[in-house]
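Enquirer: how does the following fold in three dimensions:
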Amino acid sequence: MHGKTLLKMRGIYKSFPGVKALKNVDFTLCEGEIHALMGENGAGKSTLIKVLTGVHIKDEGSIFITDTSGADQEVQIRSPQEAQKNGISTVYQEISLCPNLSVAENIFLARGESALVNWRTMNKKAGELLDNLGIAVKPTQQLASCSIAVQQMVAIARAVDMDCRVLILDEPTSSLDEHEVAKLFMLMRQLKERGVGIIFVTHFLDQVYEVCDKITVLRDGALVGEYEIENLPRVQLVSKMLGKELDDMADIKDEVPEFKATGEAPVYEGKGLCSSEGISPFDFNIHRGEVNGFTGLLGSGRSECVRTIFGADKVTGGTVKMDGKEVKISKPKDAMKNGIGYLPEDRKRDGIVGDLSVRDNIILALQVKTGFFKPFSKAKAVEFANEYIKLLDIKTASVNTPIKSLSGGNQQKVILARWLLTHPKYLILDEPTRGIDVGTKIDIQKLVLKLASEGMSITFISSETDEMLRTCSRLLVMRDRKLVGELTGDQLTQATIMNTIAGGDKNAE
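Expert: Residues are numbered from 1 along each chain as shown. As a prediction, the model looks like this:
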């Protein structure tokens, strides 16, 4: 049984320009409890953590810390330093330590102690702390020489040394292998035994059910609920995160004709594909005129799979055939030469070149494909741009308008135009409709089906499963960076997808 209440957040609101990030959210953490904070992208998890740690100041609401006598004390947390004083520590996915310093220095220099350090005493104390926590590393070892997993544990040791009562672990396992995750979980259980309350933010369902006691689910900035782990089967957790109830799953798939492959070789066929991003080796193929897709929760490995296919991440294994002939695709230029186009998930980071015009953004991929030593004439570039502005109904004052001044939906159409101009045999669209208006979403879905009917092969990824069902005739289901299922025909329903994501209808053991 969990101990007494340690932390209470009540009625938390937080807004940013144009976005209500948190709306009346409650959260409770007890002593000796590992509590998962779950939700899809934009659910409000990061904002809630940042409010608790003083990175953001809440607009409304109260935060209470229970003191040693058991009384609730309301606290104002306006900075990470104030959070630290209240016994709240965070270990982020991106480790905020100094790699050039030793393990002991990283643990103790956070205290802000004098530069006149007794090195022997510091190393001795650090060694005792590390032994106490079962962390197998020498205090004098340079942090940079340690694995990511050990660096995570050193960050946790530092938090423990700072007398933390609330430990927030924000995606701590995303860079760890299974053996390292097991070590981290041992350390978490040790801290739980000592009465530390742990908030665990992760996308990995299996890990939640392995190590957590409770789950709080957020969706669209609001609280969905708090649940004891044994009372929330995995498939119910998935439905609460996605906002789709299992008894309300109308099959909306009506426009997509069932795809029937001819006897010809797949346009693209990969076997044993894997990359530097930790995806388990997977097989994948797509035929001429087919629309298929990768589905799964955020962080499941959907995007990493298509980045491997395109060579956008470092490819570490596998073989590829295009139209039955073996080819090597280890970088994006190889993919483009073989007729593959890729619209990335993050259009601002990987897609648009903000200061360039609409025209220059549209011709960019074709220019790379033909080579920068063979530039297009300005007249030809304008002709290309105007053709696709008309085809996709891109709202822009002219071809010379900087793309950064367009709306999100029109920016997305420009990137789509960029790839259509290369006339790809195979087009990968990762979240092509995220953050754009409903009308533009429908335009893009219709365009996808039209292009497929003309013979183009398309892989489509969307966080919205109903959108996937409207466009795809085959879905590959991802969970925890593994390909766990393939659905076609009558299997293409919301309920089947969610059951497959959840790993059947299994509950926590």
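
Enquirer: list the contacts of the residue positioned nearest the centre of the chain.
Expert: Note on the chain: the residue nearest the mean C-alpha position is G299, at 3.9 Å, using CA atoms, centre = their mean. Contacts for G299 were tallied using CB atoms under 8 Å, 6 or more residues apart in numbering; they are S174, T202, H203, F204. All C-beta atoms are positioned from the backbone trio N, CA, C, and that covers glycine.

Enquirer: look up the closest residue to the last one, ignoring the ones flanking it.
Expert: Once flanking residues are discounted, F204 sits nearest to D480: 5.0 Å by CB to CB, 6 or more residues apart in numbering.

Enquirer: my read is that that neighbour contacts D206, right?
Expert: Yes. Using CB atoms under 8 Å, D480 is in contact with D206, at 5.6 Å.

Enquirer: please identify which of those two sits among more neighbours.
Expert: D480 (19 against 15; other CB atoms under 10 Å).

Enquirer: contacts only, for that one.
Expert: By CB under 8 Å, 6+ apart, the contact set of D480 is F204, L205, D206, Q207, S300, G301.

Enquirer: and the residues you listed, which of them are buried?
Expert: Neighbour counting with 16 or more other CB atoms under 10 Å marks F204, L205, Q207, S300, G301 as buried within those.

Enquirer: can you list the residues you listed in a markdown table and add distance to D334 and secondary structure?
Expert: Converted to a markdown table, the buried ones among the contacts of D480 look like this (distance: CB to CB, whole Å; DSSP: H, G, I helix; E, B strand; the rest coil):
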| residue | distance to D334 | secondary structure |
| --- | --- | --- |
| F204 | 32 | coil |
| L205 | 34 | helix |
| Q207 | 35 | helix |
| S300 | 26 | coil |
| G301 | 22 | coil |
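
Enquirer: wait, which of these is closest to D161?
Expert: Nearest to D161 among the buried ones among the contacts of D480 is Q207, at 25.5 Å by CB to CB.

Enquirer: now do the same contact list for the closest residue to that closest one other than its chain neighbours.
Expert: In space, and not counting its chain neighbours, Q207 is closest to T173: 6.1 Å by CB to CB, 6+ apart. Residues counted as contacts of T173 (CB under 8 Å, 6+ apart) are E180, V181, L184, T202, F204, Q207.

Enquirer: quick one: secondary structure of T173?
Expert: Following DSSP: H, G, I helix; E, B strand; the rest coil, we place T173 in the coil state.

Enquirer: phi first, then psi, for it.
Expert: Here is the backbone geometry of T173 (degrees, to the nearest 10): phi -100, psi 0.

Enquirer: burial of L297, as a residue count?
Expert: Using other CB under 10 Å, L297 has 25 other residues around it.

Enquirer: from the buried ones among the contacts of D480, pick the one nearest I198.
Expert: The shortest gap between I198 and any of the buried ones among the contacts of D480 belongs to Q207, at 12.7 Å (CB to CB).

Enquirer: doesn't L184 make contact with the closest one?
Expert: No. Checked against CB under 8 Å, the pair Q207 and L184 is beyond contact range at 9.5 Å.
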